[in-house]
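K.L.:
The sequence and its predicted three-dimensional model are supplied below.
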Amino acid sequence: MRAACDWLKQRSLSCVWQTLQKCGLRLKRSRDHVHSPDLHYVEKLADIVQALEAALRSDGRIIVVFADELSFFRQPTAARDWCVIGARRQPLAERSLRRDTCGRIAGGLDALTGQTTSLIASKLGIAQLVQFWQALRAAYPAAEVIYVVIDNWPVHFHPDVLAALEPQRTRWELKTPPNWGREPSAKAQRLNLPLQLLPLPTYASWCNPIEKLWRWLKQELLHLHRAADDWPQLKAQIQEFLERFREGSAELLRYVGLTPKSKLFGALFAQQASPP
């Protein structure tokens, strides 16, 4: 600041600091930011709102699930933690000398009840996604249709993955790499599961409330965890965390923002909650 401003060149650093304070300026940590380039951003959100409206009126015959995947690792992530003021020791992320093993979670969050469905695996590919679709169907055996709001990871739309579902009615292109075939392989499972995929706008993770469930998991368990040398224990702890919401959770709905106060879908829920 002194180098850039002639009137500050002869001032001390303390004076520069005080001047910035008086001007209301300070250093602030940045955050990641991306603007969705999707030309159909509003229309895709409108399709999700339409599915939510149908679910609210259906008495359980129509389900809307926000789905996503998360990677977790053997090594803990560093984060803030409580400590004694003035203490010389700071919180430590105790790392293992073993290879940083990676695990994957496929999860689904019921937009109306907060019920979660999850699958933990060493990797997520075609077989695991089909297994997850089957788990979603098993969680809602009486549902006539389950709308799955999901991002645009190409594997979601692989022909062998779509083969396990009933014919898709979305008006949006389910994009896959051009070198992939358009027809399912001979080994693909044809299960006719009543799942309809609703693609999110491109690069718009803030439109998927389950992302906040992953944040809760990281804050409560994955940051600074003490199970780096016990991989099975870490996976068991993750499973236990997710099981807390298996029967639904009003607390989880508040945390992820699926309430009348939500900035994204709140108007819809507020309308449903208001008396006739």
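P.N.:
On my side now, so go ahead.

K.L.:
hey, let's count contacts and neighbours off CA atoms from now on
P.N.:
Fine.

K.L.:
quick one: low-confidence parts of this protein?
P.N.:
267-276 (pLDDT under 70).

K.L.:
all strands for it, in order.
P.N.:
In the chain, the strands defined using DSSP state E lie at 62-73, 102-110, 116-121, 145-150, 195-199.

K.L.:
my guess is Thr113 meets Leu253, correct?
P.N.:
Yes: checked against CA atoms under 8 Å, the pair Thr113 and Leu253 is within contact range at 7.3 Å.

K.L.:
Looking at these two, which is more packed in?
P.N.:
Between Thr113 and Leu253, Leu253 has the larger neighbour count (other CA atoms under 10 Å), namely 22 against 18.

K.L.:
With adjacent residues omitted, what lies nearest to the more buried one?
P.N.:
Nearest non-adjacent residue to Leu253, counting by CA to CA, 6 or more residues apart in numbering: Gly114, 5.4 Å away.

K.L.:
one step back: pipe the strands of the chain into JSON lines and attach mean neighbour count per row.
P.N.:
Listed next are the strands of the chain as JSON lines, based on neighbours: other CA atoms under 10 Å:
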{"stretch": "strand 62-73", "mean neighbour count": "21"}
{"stretch": "strand 102-110", "mean neighbour count": "21"}
{"stretch": "strand 116-121", "mean neighbour count": "21"}
{"stretch": "strand 145-150", "mean neighbour count": "22"}
{"stretch": "strand 195-199", "mean neighbour count": "23"}
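
K.L.:
Of all the ones you listed, which one comes closest to Trp180?
P.N.:
When these are compared by CA to CA, strand 195-199 sits nearest Trp180, at 19.2 Å.

K.L.:
Run the angle between the closest one and strand 62-73 for me.
P.N.:
Inter-element angle recorded for strand 195-199 and strand 62-73: 70 degrees (by axes from the mean of the first three to the mean of the last three CA atoms, to 10 degrees).

K.L.:
Need the residues that contact strand 195-199.
P.N.:
Residues outside strand 195-199 that contact it (CA atoms under 8 Å, 6 or more residues apart in numbering): 44, 47-48, 133, 137, 145-152, 165-166, 168-170, 172, 174.

K.L.:
Mind giving me the ChimeraX command for buried ones among those residues?
P.N.:
In ChimeraX syntax, the buried subset of these is picked out as below (16 or more other CA atoms under 10 Å):
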select :44,47,48,133,137,145,146,147,148,149,150,151,152,165,174
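
K.L.:
Next step: the contacts of strand 195-199 restricted to helices.
P.N.:
When DSSP state H is applied, the contacts of strand 195-199 are split such that Lys44, Asp47, Ile48, Trp133, Arg137 fall in helices.

K.L.:
number of nearby residues for the nearest residue to the last one once chain neighbours are set aside?
P.N.:
Counting by CA to CA, 6+ apart, Arg137 lies nearest to Leu193, which is 6.9 Å off, once chain neighbours are set aside. Neighbour count for Leu193, taken as other CA under 10 Å: 20.

K.L.:
list the contacts for Leu193?
P.N.:
Contacts of Leu193 by CA under 8 Å, 6+ apart are Trp133, Gln134, Arg137, Ala164, Leu165, Glu166.

K.L.:
cool, Pro209 as well?
P.N.:
Applying CA under 8 Å, 6+ apart, we find Pro209 in contact with Phe66, Val256, Gly257, Leu258.
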